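Asks: requesting a structural model of the entry that follows:
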Amino acid sequence: MFKRLGLVNFGRTNTPEFGLTVTTEPVSYGPSKNPWNLEYSTGGSSGGSAAAVAAGIVPIAHANDGGGSIRIPASECGLVGLKPSRGRVSFGPKLGESWAGAAIDGVLTRTIRDTARVLDGVSYPWPGDPYWAPLPKLSFEEELSMSPGQLRIGVVTDSPWGPIHQDCIDAVQKTALLLQDLGHVVENDSPGPLFDDELFHHFRIAMAANEALSAQKLSEAIGRSFGREDMEGDTRALIELGRTYTATEYIASIQWFHSYTRRMAEWWSKFDVLLTPVIAEPPPKLGELRDPELGTKRIRELLLFTVQFNVSGQPAISLPMHTSSNGLPVGVQLVAAMHQESSLLRLSHQLESASSWHNRKPPLYAA
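Replies: Below you'll find the model as predicted:
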């Protein structure tokens, strides 16, 4: 899809095995290091892409997002990371959808304009797609010259699922104040289903079952089954879990996805945008999320605000609005109603113009 835009593909970046986790520290290739501090994670799964863009090696890098894998690296590396609406970017011609519609392709960039330009180039349906997002009347780049108008914005900085680091709360609160200064109506409010306790159960079924199928296809392609030495333990455990689910369990989870999407949409009939943290903590140190005893628990504690919008299919963007107490980037997340990328990009461009994130560069910068 990038060749269609006239872009030159340059290299291949690092990713966790099968793109399954929120830190990029694969056994095969070693960790991706954060250009802001080499002792810290870049996030994942698109962590290698984030490192390359943040370090000035390239202005744009491919990424995809099935549970936060565009937005989390964007937050941890000080970048713009848009997860488009379900159906906005086609998986054709090989797939109709990925992870029951939770996953989608996108990019990591340093500016809203670059994000809009790429989105214009990749937003088209492939013949035979099961669904697609309607195209806007104006191009996404043209939308940036338009005022977002006065928007009603809900804000949430806490979760019943776990604590939020003060740096992440500060990022949201400072952004909320800036939005008020820009003339928007900002209220402490959020969708009722945001923290539905069934979310991760159904997401896990969809994710694990799809990865079990991916492993089966890969095994068929190489002509042999996988041995224990072929993949990391966490990957193997997820694939084995996926093989245990029945067809009825999988269909029930897809139906739950659809119900959740409708319930979430009700809130956006009254509000235009939701403002949240991206993750619950600033970038963790390398190794923290790979700990065999605590790693899985720590990952679950971080994912308080991203998976919801993979399930609902709504567009969500991470913006580099803040810096942690130890000088690392901390993003905020803006979420719009389904197919409302134009509104999201106009608001993001307004915030970009009112701040200076595009002028900040990490200590390790190639350009």
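Asks: Ile153 sits in which helix or strand?
Replies: strand 152-155 (DSSP states H and E).
Asks: I'd like the next helix or strand past that strand.
Replies: Past strand 152-155, the next helix or strand by DSSP H and E is helix 166-181.
Asks: flag every buried residue along the helix or strand following that following helix.
Replies: Next helix or strand after helix 166-181 toward the C-terminus (DSSP H and E): strand 185-188. For strand 185-188, the neighbour count (16 or more other C-beta atoms under 10 Å) marks Val186 as buried. Backbone N, C-alpha and C define where each C-beta goes, glycine included.
Asks: adjacent strands (with direction) for strand 185-188?
Replies: strand 152-155 (parallel) (DSSP bridges).
Asks: the partner strand - what's its average pLDDT?
Replies: Averaged across strand 152-155, the pLDDT comes to 99.
Asks: list the contacts of that strand.
Replies: 172, 176, 179, 184-191, 267, 270-276 (C-beta atoms under 8 Å, 6 or more residues apart in numbering).
Asks: rerun at 6 Å
Replies: With contacts defined as C-beta atoms under 6 Å, 6 or more residues apart in numbering, strand 152-155 is touched by 176, 179, 184-190, 271-275.
Asks: now do stretch 111-125
Replies: For stretch 111-125, contacts defined as C-beta under 6 Å, 6+ apart pick out 1, 5, 60, 80, 82, 88-90, 107, 109, 132, 139-141, 144, 345, 348-349, 352, 358.
Asks: just the C-alpha atoms of the strand holding Ile153, please, in CSV.
Replies: Taking C-alpha atoms only, strand 152-155 is exported to CSV below (Å, rounded to 0.1, in the frame of the first residue of the first chain):
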residue,chain,number,x,y,z
ARG,A,152,-17.9,18.2,23.6
ILE,A,153,-15.1,16.1,25.1
GLY,A,154,-15.4,13.6,27.8
VAL,A,155,-12.3,12.9,30.1
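Asks: go through it and flag the buried ones.
Replies: Buried-residue list, strand 152-155, by 16+ other C-beta under 10 Å: 153-155.
Asks: show the subsequent helix or strand relative to the one helix or strand in the chain whose mean pLDDT sits lowest.
Replies: Taking mean pLDDT, DSSP states H and E as the measure, the chain has helix 295-302 as its least confident helix or strand, at a mean of 78. Once the chain leaves helix 295-302, the next helix or strand it forms, by DSSP H and E, is helix 307-312.
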